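> this is a predicted model, with the sequence first.
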Amino acid sequence: MDCQGCGNELVEIALTVDGHELTMTSCSECDTRSWRRDGEFVELDGVLTDLSTTRTRYRRSLAN
């Protein structure tokens, strides 16, 4: 998939949070980013709300 702004190839990172697929699409050339939840575009504040309300399943120490 190519960026609509500059034509550069986009990077996609997908993860599943609380049963929903979240996908971040990013252009490293023009720094454009977008988010989708289950295939529908969402604003970043919606993604942050999803992440902040999801119970932490595990936590590891970064000191190890």
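Nice, thanks for sending it over. Numbers count the residues shown, from 1 in each chain.

> count of neighbours near residue 35?
Residue 35: 19 surrounding residues under other C-beta atoms under 10 Å. All C-beta spots, glycine's among them, are computed from the backbone N, C-alpha and C.

> quickly run through the sheet partners of the host helix or strand of it, with directions.
Under the criterion of DSSP states H and E, residue 35 resides in strand 33-37. With DSSP bridges as the test, strand 33-37 is paired with strand 20-26 (antiparallel), strand 40-42 (antiparallel).

> looking at the ones you listed, which is buried most?
Of all these, strand 20-26 has the most neighbours on average by mean count of other C-beta atoms under 10 Å, namely a mean of 15.

> and residue 50, that one's in a helix?
Yes: counting by DSSP: H, G, I helix; E, B strand; the rest coil, residue 50 is part of a helix.

> partner residues bridging the nearest residue in space to it that is not next to it in sequence?
Computed as C-beta to C-beta, 6 or more residues apart in numbering, the closest residue to residue 50 that is not its neighbour in sequence is residue 17, at 5.7 Å. Bridge pairing for residue 17 (DSSP bridges) gives the partners residue 20.
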